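Engineer: quick one, what's the 3D model for this:
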Amino acid sequence: MKQHYKGLSFLELPVSNFSGARRFYEHTLEFTLAHLDESNQWCLYTVPGSQTGVALYHFPASNGVQQQRCAARIVLRVDNLDEVLDKLAERGVSTEPVRIHSEEAFRISGFSDMDGNIWRIWSPLTPQTATEI
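Structural biologist: Now for the predicted structure:
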């Protein structure tokens, strides 16, 4: 079967507090705002170093009851996992302990955003980090 896909353009994540989520993605994660729709209910971010974007859309309560949704799981590669973890800690984000996957040669941690979406951040093992094994 011939492939018709041209790549993953962006992920679209529902958020319950649009302005709070924008602060988190812009100031804590340092994503770059690429577009904000005129209703202020949807926006698109570019992820530094990536060709894939992240879009947020307001996911309001329906008749006073939050609609059911599943948490997304997003995985980002970073150059220096320790540096990113330090920045997140400085900004009040709790992260998981670093796990080392020696067979696959990478280190990984993660955190959850305010809507329960799970973010995994990983970096390849380097000669310096490989000594942690």
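
Engineer: in which helix or strand would I find the residue most central in space within the chain?
Structural biologist: Centroid-nearest residue in the chain: residue 119, 4.7 Å away (criterion: C-alpha atoms, centre = their mean). Assessed by DSSP states H and E, residue 119 sits inside strand 118-124.

Engineer: what packs against that strand?
Structural biologist: Here strand 118-124 touches strand 73-77, helix 81-90, strand 106-112, going by 3 or more C-beta pairs under 8 Å, 6 or more residues apart in numbering; DSSP states H and E. No exception for glycine: its C-beta is placed from N, CA and C like everyone else's.

Engineer: again, only this time at 6 Å
Structural biologist: strand 73-77, strand 106-112 (3 or more C-beta pairs under 6 Å, 6 or more residues apart in numbering; DSSP states H and E).

Engineer: and the last one with strand 73-77, angle?
Structural biologist: Put plainly, it is strand 106-112. Strand 106-112 runs at 140 degrees relative to strand 73-77, counting by axes from the mean of the first three to the mean of the last three C-alpha atoms, to 10 degrees.

Engineer: how many residues are close by residue 105?
Structural biologist: Neighbourhood size, residue 105 [other C-beta atoms under 10 Å]: 13.

Engineer: surely it is in contact with residue 125?
Structural biologist: Yes - Residue 105 lies in contact with residue 125 (C-beta atoms under 6 Å); the separation is 4.5 Å.

Engineer: how's this structure carved up into domains?
Structural biologist: 1-60, 71-133 (automatic domain parsing).

Engineer: now those domains as JSON lines including mean pLDDT?
Structural biologist: Shown next, in JSON lines, are the domains of the chain (pLDDT from 0 to 100):
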{"stretch": "domain 1-60", "mean pLDDT": "87"}
{"stretch": "domain 71-133", "mean pLDDT": "89"}
